[in-house]
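> what's the 3D shape of this:
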Amino acid sequence: MTKGTKMLKTNFKRLALTMLGFSLVGVGTTCGAAQGQEAASENSNVEIKIKKPLIAVTKDFTLANGMRVVLSEDHSVPVASVAIVYDVGAKDEEKGRSGFAHLFEHMMFQGSDNIAKAEHFKFVEGVGGSLNATTHADFTNYFEKVPSNQLELCLWLESDRMRSLKVTPETFQNQLETVKEEKRLRIDNQPYAPANIRLEELAFDNWNNGHPTIGYFEDLEASSVKDVKKFFDTYYAPNNATMAIVGDFNSDDVSKLVEKYFATIPKSAIASRKDLSEPKQTKAKYEKVEDAQAQLPAFWMSWKAPARRDNDFYALNLLQTILSTGDSSRLYQRMVKGEKVALQVQVSYEERRGPSAFETFVVYKPGSTPEKVRETLLSELDKLKTDGVSQEELQKAKNQLLRGLFASSSYTSLQKSLSRAEMLAEYTAFFKDPSLIDSDIEKYMAVTADDIKQLANKIFTKEGVTTLDVMPKAKKEG
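Below you'll find the predicted structure:
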């Protein structure tokens, strides 16, 4: 879940949760609606009861070729969403051959035996649907949302490119140029973006964790079509894919369609997975870089962090919200509004299955020094170690997480069939059990203030920090 404002009002929470069959009870309140709202706003000890399963699975099966399929019927609206996760990301790349995972996000739309270049978009959008794909450090996903009577179209499209993607010198060269342009647009010409890539290279000791998902162009340019085809044949196979389908359909009928389009695709011999282990950092790291696009000085501070669903994962996600989500967050109140030393403060925690990173990014005012601004940031983190967080802060963070899951305006809202399909596909692909969605929400709700205090003492060490100063590059006169 890629996740404040003051604590959400009880009536808003009840609206968001009741729409999905949930109940919310303010502890110690047996009064009327208006009084109950006021009492719960003042009392951060709120019991939240969530109906299980959060996403009902109507069918879960694995084809003979190894592809796992999860179906979830929802007849509330006549739409259907398909999400496919391929268990391959930047972490699986070979040194000297980076960027292949991201390249294939583009290559997968370049045509197959029965589909011409870019026709995937034409077919889906032509029936009123939408589609996209994303590449991550540890997986790549593809997804479509269509009127439910067009679901078979999506299955045909996905199966045809899994079976017979066209990997030719022409498509390879064409998409290499597309990736170059994407890098120029989204990284090279964006302030602080190249520095963020450098931060991860510096923070991680293991190359498979630290190199950028977009890759290094010298690696792609030195590669052959044979190299690219080998990558596809290895990872874009049914036994390395998980598909979730959510929407208005009959599961028995859709199971037959899945069998029809995917069962005859041969499995592959998946390469052995890379060692992603990271040594414990025992000495602080520091580097200073110039940025031609930056107008103001900034810095990053990063600490190695636990993997997705590790014991500390839940507390760290909530802490991210407490520190920097919204104008009432700790770092905004202290650094932007209070001491007025910063113009922007962000905290991010990337939820990888392997070693992850917890990063803070600060754009500070000219006239301040990075050392002085860092003192302010670190003093706020030290408060977490000694004083912890209040029950109100913790409840607010939990409310914000629930809002992201249940509010209709949220990208990750489970009111949307596509969000449910993506979540089912990820949990099934990564952890082999879609029901863990329910237990994860329970674990979030069970996090205590003491858990966050212990976590802060474990993560935010002086020797474990990586710091990157970013200075605007002086403009040449004349």
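> so who does T242 touch?
Residues in contact with T242 (C-beta atoms under 8 Å, 6 or more residues apart in numbering) are 67-70, 84-85, 87, 425, 428-429. C-beta: built from backbone N, CA, C; applies to glycine.
> Just the closest of those to L257, please.
Closest approach between these and L257, by C-beta to C-beta: V69, at 10.4 Å.
> circling back: narrow the contacts of T242 to those in helices?
Per DSSP state H, helices hold the following members of those: 425, 428-429.
> count of neighbours near K473?
Per other C-beta atoms under 10 Å, the neighbour tally for K473 reads 12.
> was I right about D312 contacting K458?
Yes - counting by C-beta atoms under 8 Å, D312 does reach K458; the two are 7.1 Å apart.
> Which one's more surrounded, those two?
Between D312 and K458, counting by other C-beta under 10 Å, D312 is the more crowded of the two (18 against 15).
> mind checking how far the more buried one is from V79?
D312 sits at a distance of 37 Å from V79 (criterion: C-beta to C-beta, to the nearest Å).
> Parallel or antiparallel, list what pairs with the helix or strand where L468 lies.
Using DSSP states H and E, L468 sits in strand 465-472. Strand pairing for strand 465-472, determined by DSSP bridges: strand 285-291 (parallel), strand 298-305 (antiparallel).
> can you pull out the helices in the stretch 51-200 of the chain?
Here the stretch 51-200 of the chain has its helices, by DSSP state H, counting those that start in this stretch, at 100-107, 119-126, 151-164, 169-183, 193-203.
> residues of the fourth one that come out buried?
Along helix 169-183, the positions that meet the burial threshold by neighbour count (16 or more other C-beta atoms under 10 Å) are 171-172, 175-176, 179, 183.
> Taking these together, which two end up most distant?
Farthest apart among the buried residues of helix 169-183 by C-beta to C-beta are T171 and K183. That separation is 18.6 Å.
> Can you tell me which of the ones in helices among the contacts of T242 lies closest to K283?
Each of these was checked against K283 using C-beta to C-beta; the closest is A429, at 36.5 Å.
> element containing the spatially closest residue to that closest one that is not a sequence neighbour?
Closest residue to A429 apart from its sequence neighbours, by C-beta to C-beta, 6 or more residues apart in numbering: T242 at 3.7 Å. In this assignment (DSSP H and E), T242 forms part of strand 241-247.
> Direction included, what does that strand pair up with?
With DSSP bridges as the test, strand 241-247 is paired with strand 68-73 (parallel), strand 79-86 (antiparallel).
> Check the average confidence over the last one, would you?
This means strand 79-86. Averaged across strand 79-86, pLDDT comes to 98.
> how far off helix 151-164 does it point, in degrees?
Computed by axes from the mean of the first three to the mean of the last three C-alpha atoms, to 10 degrees, the angle separating strand 79-86 from helix 151-164 equals 20 degrees.
> Next: the shortest one.
In this structure, strand 68-73 runs at an angle of 170 degrees to helix 151-164, with the same axes, to 10 degrees as the basis.
> contacts for strand 68-73?
55-63, 241-251, 254-255, 258, 420-421, 424-425, 428-429, 434.
> Pull out the buried residues from the residues you listed.
Judged by 16+ other C-beta under 10 Å, buried ones among the contacts of strand 68-73: 55, 57-58, 60, 63, 241-249, 251, 254-255, 258, 420-421, 424-425, 428-429, 434.
> domains for this protein, by residue range?
What automatic domain parsing lists as the domains of the chain is 10-49, 59-262, 285-416+433-472.
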